[in-house]
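Peer 1: sequence and predicted structure, then a few things I'm wondering about:
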2 protein chains.
Amino acid sequence: MTQSFDIAVIGATGTVGETLVQILEERDFPVGSLHLLASSESAGHSVPFRGKNLRVREVDEFDFSKVQLVFFAAGPAVTLSFASRATAAGCSLIDLSGALPADQAPQVVPEANAHVLVGMKKPFQVSSPSPSATTLAVVLAPLLGIIDLQRINLTASLAVSAQGREAVTELARQTAELLNVRPLEPSFFDRQMAFNLLAQVGKPDEQGHTLLEKRLVREVRQVMALPSLKISVTCIQAPVFFGDSYSVTLQACDEVDLAQVNAALEDAPGIELVEAGDYPTAVGDAVGQDVVYVGRVRRGIDDPSELNLWLTSDNVRKGAALNAVQVAELLIKDLS
Amino acid sequence: MTQSFDIAVIGATGTVGETLVQILEERDFPVGSLHLLASSESAGHSVPFRGKNLRVREVDEFDFSKVQLVFFAAGPAVTLSFASRATAAGCSLIDLSGALPADQAPQVVPEANAHVLVGMKKPFQVSSPSPSATTLAVVLAPLLGIIDLQRINLTASLAVSAQGREAVTELARQTAELLNVRPLEPSFFDRQMAFNLLAQVGKPDEQGHTLLEKRLVREVRQVMALPSLKISVTCIQAPVFFGDSYSVTLQACDEVDLAQVNAALEDAPGIELVEAGDYPTAVGDAVGQDVVYVGRVRRGIDDPSELNLWLTSDNVRKGAALNAVQVAELLIKDLS
């Protein structure tokens, strides 16, 4: 008889929360009872799970002692409000909001640093990193053994779905208006998003860096255990509904052995390496998939110590919901 | 009395050629007679110039001794077929196709290396670089005196108009089909371009680099007179009709002085620096404009020797047609 676990998902009506519930079902996660929670506005909605529609309830009134594990898939404010109540009730948690400090809830990407979970004390507290950090960590993990990494340069072109359903609707609306040659009045985004690229996602600090960019750098360093790795990052908003794309340059100390790189990527878990000469796209390959797609693997035009890559991944699924469930699959071995 | 010049434009019906004719008019270029030329398929069309519709004629039958200056705004094959006929007739030329070697026709961006034209022998032969190289050169020129540049890392998100009118139509068609939930059958592009990013523009060589990427590196090095500058570049195709966007990292040897950088960009010709905290977009700022827009000027998150920039420019206008006319404005001083 397999043991089962009572689980809560907070933010169950959001894009990530809903996908998380779907993945728990797809992967036959040993769920006993499932409690779907959200803010008061979303409570009352229902989400399908194993053939039934489960009613979403208000997180404020939830008794955390009813569950052994809770996923925080809402914003950082929600995590900060309820995390201590959950752990005080003896409940383990996986946070997807980035709200908790690394020494309280380490960032974990199973393909890269599952070892962090070994010997962790109950109730477990783990963070699932931002989609960009998760994607990058999955690809860096098999490469660190074979290249002496000095610096990463990254332009991340993010899908609007990272900003929720309203952003998705607004991209569609703007596009339709423009195709119908009607005057555009942007809402949600502060300017035209359709057929355009926005150079920053969120407000920059005094130095010009956005929260998202700083979070990415912090999380990648923590997951890869490279606290002083130099990472240069620009996160831009692309007129794409689902799926993130990454133009990545890894600068190594020595000449990069491309055959070794290709072999390592080919063998690594969580990665699909596309054929040389071809390349993956967010929409055509990554969306709905459980792997990070890697293509355009090449050295610098005349710098053999440079490795260039193009990555695409499903920001909602592989970048967020699936990674959290993969962490949970490792945790439940010690949760019984 | 101002002297006027008889001029030919080859490729006059293309996006760049048509814009070039428009710019000659806008800038009151001292045009005597204007001869619009194209391949046999496009001959017979007409293009407006100074209130008249000028008939486009076949380039094959053109007598180059009728003009003093010719713009080659068609593909490289057309330049290779007719450049020697033009120069044999004593006619100076400006090539926008990238077909001619640097020792025959040096790449010139007036904001960066106008001095190359000094003392050049008639008939003049000059190349106007690719839109990406032109944009980058305009921005690098004022910075080279104040940062000790070691390496450039660049992701260029290119508009579909760089591939001509058919590409523009196809992006609109694909978008409409998808919004109407009709099955998508891509043509022109080999896959879905709408709401997607394509990681390479053109076929890569055995090392994985595209012609466009190699051309950009070669041209930037030549214009900046930095033959061994390390440039790492990825050119991607964005679902944008007009206007290119560039995520750029400049790696310097020493700490970058941001105040100096901002002052240099503020004063430089051909550049519009947007306010700190804001950023320019291709559609909202660059399209139809004569300058390269620069924003998100910032150092590395914790590397003061790194300078990050976001650039946007009108690929057809500032990147191509306008640069060629600016070169011509300098040349005619010595053409009389």
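Peer 2: Cool, got the structure.
Peer 1: number of nearby residues for the closest residue to chain B within the stretch 101-250 of chain A?
Peer 2: As assessed by Cβ to the nearest Cβ, chain B sits closest to residue A:208 within the stretch 101-250 of chain A, at 3.0 Å. All C-beta atoms are positioned from the backbone trio N, CA, C, and that covers glycine. By the criterion of other Cβ atoms under 10 Å in any protein chain shown, residue A:208 has 20 neighbours.
Peer 1: so it sits right up against residue B:297, yeah?
Peer 2: Yes: if you go by Cβ atoms under 8 Å, residue A:208 and residue B:297 touch, sitting 6.9 Å apart.
Peer 1: on that earlier part again, please name the nearest non-neighbouring residue to the residue of the stretch 101-250 of chain A closest to chain B.
Peer 2: residue B:298 (3.0 Å; Cβ to Cβ, 6 or more residues apart in numbering or on different chains).
Peer 1: got it, and residue A:145?
Peer 2: In space, residue A:145 is closest to residue A:264, 7.4 Å off (Cβ to Cβ, 6+ apart).
Peer 1: show me the contacts for the residue of the stretch 101-250 of chain A closest to chain B.
Peer 2: B:276-277, B:296-299, B:308 (Cβ atoms under 8 Å, 6 or more residues apart in numbering or on different chains).
Peer 1: where does it fall, secondary structure wise?
Peer 2: Using DSSP states H and E, residue A:208 sits within no helix or strand.
Peer 1: and the pLDDT at it?
Peer 2: According to the prediction, residue A:208 has pLDDT 97.
Peer 1: quick check: domain ranges of chain A?
Peer 2: Following automatic domain parsing, chain A resolves into domains at A:5-129+A:320-335, A:134-315.
Peer 1: out of the contacts of residue A:208, what pair is the most spread apart?
Peer 2: B:277 and B:299 (15.3 Å; Cβ to Cβ).
Peer 1: hmm, back to that, want to throw the domains of chain A into TSV with distance to residue B:77?
Peer 2: Formatted as TSV, the domains of chain A follow (distance: least, Cβ to Cβ, whole Å):
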stretch	distance to residue B:77
domain A:5-129+A:320-335	48
domain A:134-315	24
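Peer 1: which of those sits closest to residue B:19?
Peer 2: So among the domains of chain A, domain A:134-315 is nearest, using Cβ to Cβ, at 19.0 Å.
Peer 1: first-to-last residue distance for the closest one?
Peer 2: 9 Å (Cα to Cα, to the nearest Å).
Peer 1: helix, strand or coil: sort out the residue nearest to residue A:208 for me.
Peer 2: Following DSSP: H, G, I helix; E, B strand; the rest coil, we place residue B:298 in the strand state.
Peer 1: just the strands in chain A please.
Peer 2: Secondary structure of chain A (DSSP state E): strands at A:5-10, A:31-38, A:46-49, A:52-58, A:69-72, A:92-95, A:125-127, A:149-158, A:230-237, A:244-252, A:271-273, A:292-299, A:306-313.
Peer 1: kindly reformat those as CSV containing mean neighbour count and mean pLDDT.
Peer 2: Shown next, in CSV, are the strands of chain A (neighbours: other Cβ atoms under 10 Å in any protein chain shown; pLDDT from 0 to 100):
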stretch, mean neighbour count, mean pLDDT
strand A:5-10, 24, 98
strand A:31-38, 20, 97
strand A:46-49, 16, 95
strand A:52-58, 15, 95
strand A:69-72, 27, 98
strand A:92-95, 25, 98
strand A:125-127, 23, 98
strand A:149-158, 23, 97
strand A:230-237, 24, 98
strand A:244-252, 25, 98
strand A:271-273, 20, 98
strand A:292-299, 24, 98
strand A:306-313, 27, 98
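Peer 1: mind putting those strands in JSON lines, distance to residue B:5 included?
Peer 2: Shown next, in JSON lines, are the strands of chain A (distance: least, Cβ to Cβ, whole Å):
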{"stretch": "strand A:5-10", "distance to residue B:5": "72"}
{"stretch": "strand A:31-38", "distance to residue B:5": "71"}
{"stretch": "strand A:46-49", "distance to residue B:5": "72"}
{"stretch": "strand A:52-58", "distance to residue B:5": "74"}
{"stretch": "strand A:69-72", "distance to residue B:5": "70"}
{"stretch": "strand A:92-95", "distance to residue B:5": "69"}
{"stretch": "strand A:125-127", "distance to residue B:5": "67"}
{"stretch": "strand A:149-158", "distance to residue B:5": "43"}
{"stretch": "strand A:230-237", "distance to residue B:5": "43"}
{"stretch": "strand A:244-252", "distance to residue B:5": "43"}
{"stretch": "strand A:271-273", "distance to residue B:5": "56"}
{"stretch": "strand A:292-299", "distance to residue B:5": "45"}
{"stretch": "strand A:306-313", "distance to residue B:5": "45"}
